[in-house]
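*Asks:* this one's structure only:
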């Protein structure tokens, strides 16, 4: 039985927000939170992908 390939975006690592000299801490924090939101969304897609696999092919033993 062949499993479907893992979607490419699920392998991607999310980089930290860049820190620009002289920029406010609030701006950096806002970008960091956006990066965390993207990472959390990707992790959610990974879980959905895995759950779909176990539904189609059976739970791991």
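*Replies:* Arrived safely, thanks for sending. Owing to the predicted nature of the structure, the values given are computational and were not obtained by experimental measurement.

*Asks:* My guess is residue 14 contacts residue 43. True?
*Replies:* No: with contacts counted by CB atoms under 8 Å, residue 14 stays clear of residue 43, the gap being 9.7 Å. (Glycine included, C-beta is placed from N, CA and C.)

*Asks:* ok, which stretches of the protein are strands?
*Replies:* Counting by DSSP state E, one finds no strands in the chain.

*Asks:* In it, where is pLDDT below threshold?
*Replies:* Filtered on pLDDT under 70, the chain yields the residue ranges 1, 60-61.

*Asks:* and the nearest residue to residue 45 once chain neighbours are set aside, what does it touch?
*Replies:* Nearest residue to residue 45, sequence neighbours excluded (CB to CB, 6 or more residues apart in numbering): residue 10, at 6.1 Å. Residues near residue 10 by CB atoms under 8 Å, 6 or more residues apart in numbering: 42, 45-46, 49.

*Asks:* Make CSV out of the residues you listed and add distance to residue 57 and neighbour count.
*Replies:* Converted to CSV, those look like this (distance: CB to CB, whole Å; neighbours: other CB atoms under 10 Å):
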residue, distance to residue 57, neighbour count
42, 22, 17
45, 18, 13
46, 16, 15
49, 12, 13
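
*Asks:* hmm, who's touching stretch 26-46?
*Replies:* Against stretch 26-46 from outside (CB under 8 Å, 6+ apart): 7, 9-10, 12, 14-20.

*Asks:* Could I have the ChimeraX command that selects the buried members from those?
*Replies:* Applying 16 or more other CB atoms under 10 Å to the contacts of stretch 26-46, the buried members can be selected in ChimeraX as follows:
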select :17
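
*Asks:* Just give the number of residues close to the nearest residue to residue 4 once chain neighbours are set aside.
*Replies:* Counting by CB to CB, 6+ apart, residue 53 is the residue found nearest to residue 4 once chain neighbours are left out, at 7.5 Å. Using other CB atoms under 10 Å, residue 53 has 15 neighbouring residues.
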